[in-house]
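>>> Here is a sequence with its predicted model. Questions after.
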Amino acid sequence: MLTRLHVSGFKNLVDVDIHFGPFTCVAGANGVGKSNLFDAILFLSALAEKPFLEAATVVRDEGGGGGGLRNLFTMLPDGGTSLMHFEAEMLIPGEGLDDLQQRVQATNTFLSYRLELNYRTGTEDKPRPGIVLHREELSYIKQGEAREHLPFRHGIAWRGSVVEGRRTSPYISTDDEPATVKLHQDYGKTGGSGGRPLTFRADTLPRTVLSRVNGQESPTATLARREMLSWRLLQLEPSALRTPDKFDSPQRMTTTGRHLPATLHRLTVREPRTCDLIANRLAELIEDVQRIRVDRDDTRELFTLMLEEREGGELPAKSLSDGTLRFIALATLEMDPEETGLICLEEPENGIHPQRIRAMIELLRDTAVDVSLADDEDNPLRQVIINTHSPAVVAQIPDDCLLFAEKQPQLADRLRFAPGQAASGHGNNVIKGLSFGCLPGTWRETKLKAGTIPRGKILDYLNATFSPWELSVPGERRVIDRPELGEQLGLPLPTEFELD
């Protein structure tokens, strides 16, 4: 669970510091760059597994060439780039499996990971641009400080179930001049720390040290790595959701929605009521739903998702609407105890009737961990972050779960620079940055003193659907221009044409 992300020098994110709760909605107009926040999270996740250049290709396909790689860094008006800085605070499971499927235990479950990267231009002997590691650190947050670092409302039972540990030394640290990354030994709960750390010259590393840890030497760092790998962006594709599964298909749904039937089959074997519970959820969206089931074809060895209507008809997944399939997929995630970590989702309103958006939001909120209860199999450590430009979605979001994204000029002196770069006059440059504001009186404002959004901007956003605008065709009357509707909404009558 990602509880805080401080990122600077990534695309148009300049000194952005956000605390996340179990469920967060980021709202903003199209084109402001709110998706860059998701890109930063996905890039950080990819760096926990892949070499630098390979991880860059994960970010919206912008890392394939030198120009794309450079564009991942905040670009200055004078053509320079800044240091890319990440600091992530996260809750990790107390135990789990390493890459060899061996069980490992963490000495601390509330961790802070810091990473700084620099852009390297091509040279005559190395013409391909690259990324240089400048600093990498993995440390812990003390139990006594956990409440301060978890400012959202939560229960003591939940905090006690997810915050553990007594270690007194870092897991990964960096010494300066020259920058040397140290991987400190960690014996998990069976012992303490000790022995000589493994050392690496930072500027020669092709990847992060965290991406190469193993469960035997570094169980806590291994679980931190696996937590970061669980941060993912759902991009549910109708074609993937409609595809039947072979009996030997993976039984966990991918980020595109592939293997939905096999996943539902696994969940139904574990809990026979699974499909009935999902059908009840779906009935909030579609009135004529009777039940859903997974058809088992032993001849062709296929699992197929089926929906039965109240009138008796039955439809296969290939005949269902995109919105229905997306809702079933999300309801399946909510029922799956194996789905943990961070789930990012863009524009959840797609394919959903405006009157049914509330059902979608309630489903997404229920997917996230309930922080009033202790963490267990029925309440897994799972988090949801969505972004949207829809006023209809924003209107249904709890006020303390909402962040507004808007463009805001930023001075370059808020960025970090590698040694030798800071004195080149960057502080005079203005960058088209991005800011995130909360609503007045919510926990981000009262506990963190975060910036707030003025009431006028909130009203303008919520009223965007009903605001008057110029007619595209002279004399044409829109639905919103009808006098009986405009009066109810408090809008002035149009004057561009005469009403009959």
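It's in.
>>> And the strands in the stretch 401-500 of the chain, which stretches?
Under the criterion DSSP state E, counting those that start in this stretch, the stretch 401-500 of the chain contains strands at 402-411, 430-437.
>>> what's the closest of those to Leu285?
Using C-beta to C-beta as the measure, strand 402-411 is the one of these that comes nearest Leu285, at 22.9 Å. Quick note: C-beta positions are derived from backbone N, CA and C, even for glycine.
>>> Return the distance of the closest one from the chain's centre.
The chain centre lies 18 Å from the centre of strand 402-411; the measure is C-alpha atoms, centre = their mean, to the nearest Å.
>>> Ok, stretch 297-311 next?
Centre-to-centre, stretch 297-311 and its host chain are 33 Å apart (C-alpha atoms, centre = their mean).
>>> Does Leu100 touch Thr222 like I think?
No: here Leu100 lies out of contact with Thr222, judged by C-beta atoms under 8 Å, at a distance of 10.2 Å.
>>> Spell out which residues are contacts of both of those two.
214-215 (C-beta atoms under 8 Å, 6 or more residues apart in numbering).
>>> Looking at those two, which is more packed in?
Thr222 (26 against 9; other C-beta atoms under 10 Å).
>>> Who are the contact partners of the closest residue to the more buried one other than its chain neighbours?
Spatial nearest neighbour of Thr222, excluding adjacent residues (C-beta to C-beta, 6 or more residues apart in numbering): Gly215 at 4.6 Å. Taking C-beta under 8 Å, 6+ apart, we find Gly215 in contact with 98-100, 102, 104, 222.
>>> What helix or strand is Lys182 located in?
Taking DSSP states H and E as the definition, Lys182 sits inside strand 180-183.
>>> re earlier: against Val163, how distant is the residue nearest to Thr222?
The span separating Gly215 from Val163 equals 22 Å under the rule C-beta to C-beta, to the nearest Å.
>>> What of Thr256?
In this structure, Thr256 and Val163 are separated by 34 Å, where distance is defined by C-beta to C-beta.
>>> Could you do Glu227 as well?
Per C-beta to C-beta, Glu227 is found 14 Å from Val163.
>>> of those two, who's got more company?
Relative neighbour count places Glu227 above the other of Glu227 and Val163, with 27 against 21, counting by other C-beta under 10 Å.
>>> okay, the more buried one: pLDDT?
pLDDT, the model's per-residue confidence, is 97 for Glu227.
>>> got the contact list for it?
With contacts defined as C-beta under 8 Å, 6+ apart, the neighbours of Glu227 are 1, 90-93, 341.
>>> for Asp17, same thing?
Counting by C-beta under 8 Å, 6+ apart, Asp17 makes contact with 4-6.
>>> Run through the bridge partners of it.
For Asp17, the beta-bridge partners are His6 (DSSP bridges).
>>> so where is the stretch 101-250 of the chain shaky, pLDDT-wise?
Judged by pLDDT under 70, the stretch 101-250 of the chain has its weakly predicted residues at 124, 187-194.
>>> Tell me where it has helices.
Ranges of helices within the stretch 101-250 of the chain are 146-149, 156-162, 219-229, 238-242, based on DSSP state H, counting those that start in this stretch.
>>> any chance of those helices in JSON lines, with distance to Phe38 too?
As requested, those are arranged in JSON lines below (distance: least, C-beta to C-beta, whole Å):
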{"stretch": "helix 146-149", "distance to Phe38": "23"}
{"stretch": "helix 156-162", "distance to Phe38": "24"}
{"stretch": "helix 219-229", "distance to Phe38": "14"}
{"stretch": "helix 238-242", "distance to Phe38": "20"}
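>>> of all those, which lies closest to Pro454?
With C-beta to C-beta as the measure, helix 146-149 is the member of the helices of the stretch 101-250 of the chain nearest Pro454 (28.3 Å).
>>> where along the stretch 301-450 of the chain do the helices fall?
Along the stretch 301-450 of the chain, the segments classed as helices by DSSP H, counting those that start in this stretch run 322-335, 357-367, 391-394, 443-448.
>>> Rebuild these as TSV, extending it with mean neighbour count.
Compiled in TSV, the helices of the stretch 301-450 of the chain are given as follows (neighbours: other C-beta atoms under 10 Å):
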stretch	mean neighbour count
helix 322-335	22
helix 357-367	19
helix 391-394	19
helix 443-448	16
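>>> For His19, find the nearest of those.
The stretch from these with the least distance to His19 (C-beta to C-beta) is helix 443-448; that distance is 6.2 Å.
>>> For that closest one, which helices and strands make contact with it?
Applying 3 or more C-beta pairs under 8 Å, 6 or more residues apart in numbering; DSSP states H and E, we find helix 443-448 packed against no helix or strand.
>>> ok, back up a step: just give me the closest of the contacts of Asp17 to Val59.
Using C-beta to C-beta, the shortest approach to Val59 within the contacts of Asp17 belongs to Leu5, at 15.2 Å.
>>> The closest one: what's it in contact with?
If you count contacts by C-beta under 8 Å, 6+ apart, Leu5 has them with 16-18, 20, 37, 40-41, 86-89.
>>> Surely Lys432 and Leu13 touch.
No: distance between Lys432 and Leu13: 11.3 Å, which falls outside the contact criterion (C-beta under 8 Å).
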